[in-house]
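I'd like to go over a predicted model; first the sequence, then the structure.
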Amino acid sequence: MRIAFIIALAAFAAAPSHAQPPGPGLKTGQMEVKAYQAIPKTKVAVQLTSDTSLARKLRGEVMERLAKRGNEVGFSGGNVMRMDVSYFDLSLGSGSGGYINDAPSYLEPGSNPRMDLPRNKIERRDTITPPGAGPTLRISLTLYALDTGKVLWFATASCITQGNNAEQSGINMIDSIFSSPDKNRIAEAGCPL
């Protein structure tokens with residue numbers, strides 16, 4: 001695990017500054033693809049930055065899209081695609097009183113129980129009022145060359161979505177990304193209405 005972290009850190013440090021996640025110009029509901037080169041037709045290992053039920057389901061969707069492109073896919077070997085799936089609700093109006101105290105709303109009934117989280121109050125430490133946008137799902141994909149650690153391709157998308165619709169929103173975003181993955185572009189993320 002420590003070696004994998006060191007390799008990932010070295011790859012991040014070696015990445016050019018233009019390979020960093022998009023700046024403030026990208027809005028929620030949009031997606032962006034930065035293809036420094038086309039996704040090579042080699043094996044791609046899709047690795048999650050956080051192992052959640054939702055992330056595992058969406059990783060399967062990414063692996064399916066890569067396989068349709070002609071890539072061999074797996075969990076190790078070949079070039080590495082890091083996948084970050086984040087689902088967060090900063091609106092604080094969900095009835096929880098602004099505390100972290102429950103499992104994420106996208107977990108299905110009967111999912112593996114998680115340890116109870118401490119009752120930490122979610123609040124800003126400044127006087128700025130957060131926007132009332134709602135729960136947001138964000139997906140980022142970064143493809144690294146195994147031999148050099150160079151960033152070959154990057155994509156990100158985000159949608160405002162409720163927990164019961166998070167998986168379908170993620171599938172829509174992945175479909176938008178892989179509709180034309182070898183071109184630099186900013187477009188709609190395919191968020192459900």
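Received it, and whenever you're ready, just let me know what you need.

excluding its backbone neighbours, what's nearest Phe154?
Lys34 (4.4 Å; Cβ to Cβ, 6 or more residues apart in numbering). Yep, even glycine has a C-beta here, placed from its N, CA and C like the rest.

Hmm, I typed the wrong one, I wanted Arg69.
Arg69 sits nearest to Ile39 (Cβ to Cβ, 6+ apart), 6.8 Å away.

go on, Met173?
Ala157 (3.9 Å).

which SSE is Ser176 in?
Assessed by DSSP states H and E, Ser176 sits inside helix 166-178.

Report the rounded mean pLDDT for that helix.
For helix 166-178, mean pLDDT rounds to 95.

Show residues contacting that helix.
Helix 166-178 has contacts (Cβ atoms under 8 Å, 6 or more residues apart in numbering) with 31, 33, 54, 57-58, 61-62, 65, 69, 85, 87, 105-106, 135, 137, 139, 141, 155, 157-159, 161, 187-192.

Give me the residue ranges of the protein where confidence is low.
Along the chain, the parts satisfying pLDDT under 70 run over 1-25, 90-133.

ok, which stretches of it are strands?
30-35, 44-48, 73-74, 79-88, 99-100, 120-121, 136-144, 151-160, 185-188 (DSSP state E).

Make JSON lines from the ones you listed and add mean neighbour count and distance to Met173 to it.
Below are the strands of the chain laid out as JSON lines (neighbours: other Cβ atoms under 10 Å; distance: least, Cβ to Cβ, whole Å):
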{"stretch": "strand 30-35", "mean neighbour count": "20", "distance to Met173": "6"}
{"stretch": "strand 44-48", "mean neighbour count": "19", "distance to Met173": "15"}
{"stretch": "strand 73-74", "mean neighbour count": "16", "distance to Met173": "19"}
{"stretch": "strand 79-88", "mean neighbour count": "19", "distance to Met173": "10"}
{"stretch": "strand 99-100", "mean neighbour count": "13", "distance to Met173": "25"}
{"stretch": "strand 120-121", "mean neighbour count": "10", "distance to Met173": "29"}
{"stretch": "strand 136-144", "mean neighbour count": "22", "distance to Met173": "5"}
{"stretch": "strand 151-160", "mean neighbour count": "23", "distance to Met173": "4"}
{"stretch": "strand 185-188", "mean neighbour count": "14", "distance to Met173": "10"}
